[in-house]
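**Q** okay, sequence plus prediction incoming.
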Amino acid sequence: MKKKVAVAAAAVLSAATLVAGCFKGGVLNRDLVFKTKNGDVVFSHVYHVKVKKMHCSYCHPRLFKKRFGADHFTMRDIWQGKYCGACHNGKTAFSARDPRNCSRCHKQKAAEGGNG
């Protein structure tokens, strides 16, 4: 019994340390930028985790691998409800299919005529 409690305590401590590290200076405190032909896509962990209160396990590993750049997907995948499209379907979050929403994710440089 004592061994099970010790193992459980170690697991909780490890998870807490990992999460704290992510927030302290890791990926949760910075935007991830995906280079695309239609303008860079900027994903904010701060917004999704701190503001929307989404737990890491909601997306990882169900929708995305934990390593940046490990997933390769297209707008077609998103429109089919995969990756970002699992939520950005017009019900859970704004629709990625609606052309009026392109600039909510795709950031173009002002010199290119985008909303930058």
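**A** Happy to help now that I have it. Numbers count the residues shown, from 1 in each chain.
**Q** in the protein, which segments are predicted with low confidence?
**A** Low-confidence segments of the chain, defined by pLDDT under 70, are located at 1-26, 109-116.
**Q** one more pass at 90, please.
**A** In the predicted model, the chain carries pLDDT under 90 at residues 1-31, 37-38, 49-50, 58, 66-69, 107-116.
**Q** tell me which stretches of it form strands.
**A** Listed from the start of the chain, the chain has strands (DSSP state E) covering 31-34, 40-44, 106-107.
**Q** contacts for the next helix or strand after the longest one next, please.
**A** Looking back up the chat, that one is strand 40-44. Counting by DSSP states H and E, the next helix or strand C-terminal to strand 40-44 is helix 45. Helix 45 is touched from outside by 27, 28, 29, 30, 31, 32, with contacts defined as Cβ atoms under 8 Å, 6 or more residues apart in numbering. (Glycine included, C-beta is placed from N, CA and C.)
**Q** how does it look with 7 Å?
**A** For helix 45, the external contacting residues (Cβ atoms under 7 Å, 6 or more residues apart in numbering) are 27, 28.
**Q** ditto for stretch 61-72
**A** Contacting residues not belonging to stretch 61-72 are listed as 32, 60, 83, 86 [Cβ under 7 Å, 6+ apart].
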